[in-house]
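**Q** Dropping a prediction and its sequence here:
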Amino acid sequence: AQSVTQPDIHITVSEGASLELRCNYSYGATPYLFWYVQSPGQGLQLLLKYFSGDTLVQGIKGFEAEFKRSQSSFNLRKPSVHWSDAAEYFCAVGGSAAGNKLTFGGGTRVLVKP
Amino acid sequence: DAGVIQSPRHEVTEMGQEVTLRCKPISGHNSLFWYRQTMMRGLELLIYFNNNVPIDDSGMPEDRFSAKMPNASFSTLKIQPSEPRDSAVYFCASRLPPGSSYNEQFFGPGTRLTVL
């Protein structure tokens, strides 16, 4: 069965500092990996996705993520955080072997200090 | 494109009442998903449809929950009778047909349900 673990429930970061959110997955085939962001009271918005090819993927809002197959990880990064990045971030895994369903991690809530 | 549309955005009801949540997927998307989000359980997949046909409803909590997709542009999630533990945010998402290169799902804004 597929699963996603986001080890950090909360992260606090100062504005302008770098951010890294961890994501580890378990999947029996080639995974499709996603990061979504949810602002308070909003739905989930896709930040970036990985299907194949270059293991470093660029997304919207200055985010990037790196797929490391050997570590079963897909960590999200941003070099300089803005106050508007305060939100909850979800990692998800899916693929054709999963019947096109996505499995989401528990989420990491990011708080940005001024 | 207006994106995935959900209604109502907020619903407050009393225990025992019937609740119907509605979703309009993005035009051309043939897969539709219903999720429930709570603090305790996070984001859970309840049911999903391909081409209006329910494919996997293993996430539906119990018989009080039912979902339909009568056509490609509309789906409902019904709870009857509702209970306080059903209070949550319910999301609808849609995506391109299976077999497309991408599994990306597009989410609606959600319906916040409160059962008193």
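**A** Sure, I can see it.

**Q** Flag the shaky bits of chain B, pLDDT-wise.
**A** Scanning chain B for pLDDT under 70 picks out B:1, B:98-103.

**Q** What ranges does it have for its strands?
**A** B:5-7, B:10-13, B:19-24, B:31-38, B:42-50, B:53-56, B:65-71, B:74-79, B:88-95, B:106-107, B:111-115 (DSSP state E).

**Q** could you dump those to a markdown table with mean neighbour count?
**A** Yep, even glycine has a C-beta here, placed from its N, CA and C like the rest. Formatted as a markdown table, the strands of chain B follow (neighbours: other Cβ atoms under 10 Å in any protein chain shown):
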| stretch | mean neighbour count |
| --- | --- |
| strand B:5-7 | 17 |
| strand B:10-13 | 15 |
| strand B:19-24 | 19 |
| strand B:31-38 | 23 |
| strand B:42-50 | 20 |
| strand B:53-56 | 14 |
| strand B:65-71 | 15 |
| strand B:74-79 | 19 |
| strand B:88-95 | 24 |
| strand B:106-107 | 21 |
| strand B:111-115 | 18 |
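
**Q** So which bits of chain A are right by chain B?
**A** Counting by Cβ under 8 Å from any Cβ of the partner chain, the residues of chain A lying close to chain B are A:32, A:34, A:36, A:42-46, A:49, A:51, A:90, A:94-96, A:99-107.

**Q** Lowest average confidence across helices and strands of chain A, where is it?
**A** Lowest by mean pLDDT, DSSP states H and E among the helices and strands of chain A is strand A:102-104, with a mean of 90.

**Q** Return the list of strands paired to that one, each annotated with direction.
**A** Strand A:102-104 pairs in its sheet with strand A:87-94 (antiparallel), by DSSP bridges.
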